[in-house]
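Asker: Give me a 3D structure for the following:
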Amino acid sequence: MVQLAAAAVRGLALTVFGLAESLWFALVCLAVAGVADTVSVATRGTLVQLAIPDSHRGRVSSVEYVLGVSGPDIGNFRAGAVAGLTSPAFAAVSGGVLCLLGLAGLAMGNASLRRFGTQAADTTTQAADTVSDG
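Answerer: Sure, this is the predicted structure:
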């Protein structure tokens, strides 16, 4: 759930950045988006480490790394193309809105991702209860 919340904060911050008229407010929006992106990257790495079996962890981690490194470049290309056709503000707002829409679709279509943190916490609690009972 933290992963989804961080991505939503990033998308919202980028949307508001595109609408900001004050330089200082725009910089605050970018800082919030950067913090949310950092949380998202950290939780994504943790999710891969926790959810992937040992036999596949190296391969999956390498794919996750490549996608994590190349994803922003693809987003930058999209933003530049849209800004060239319209305006930089529209590119930022549309990118943030597309992020939120894609995230909503992912969250609605992937219940296991929404519940991942709860399942891990339940497993940890059950294991702790077993150790204390035993």
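
Asker: The residue most central in space within the chain sits in which helix or strand?
Answerer: Centroid-nearest residue in the chain, with C-alpha atoms, centre = their mean: A7, separated by 3.5 Å. Element membership for A7, per DSSP states H and E: helix 2-19.

Asker: Quick one: mean pLDDT for that helix?
Answerer: Model confidence over helix 2-19, given as mean pLDDT, is 93.

Asker: Tell me the buried residues in it?
Answerer: The neighbour-count check on helix 2-19 (16 or more other C-beta atoms under 10 Å) flags 3-4, 6-18 as buried. Any C-beta I mention is one placed from the backbone N, CA and C, and that applies to glycine too.

Asker: Give me the contacts around that helix.
Answerer: The contact list for helix 2-19 (C-beta atoms under 8 Å, 6 or more residues apart in numbering) reads 26, 29-30, 32-33, 36-37, 39-40, 43-44, 47, 88-97, 99-100, 103, 106-107, 113-114, 116-117.

Asker: Now intersect these with the strands, please.
Answerer: Among the contacts of helix 2-19, DSSP state E puts none in strands.

Asker: Filter these down to the buried ones.
Answerer: Buried members of the contacts of helix 2-19, scored by 16+ other C-beta under 10 Å, are 26, 29, 32-33, 36-37, 39-40, 43-44, 47, 91-96, 99-100, 103, 107, 116-117.

Asker: What segments of this protein are helices?
Answerer: Using DSSP state H, the helices of the chain run over 2-19, 23-51, 57-85, 88-109, 111-133.
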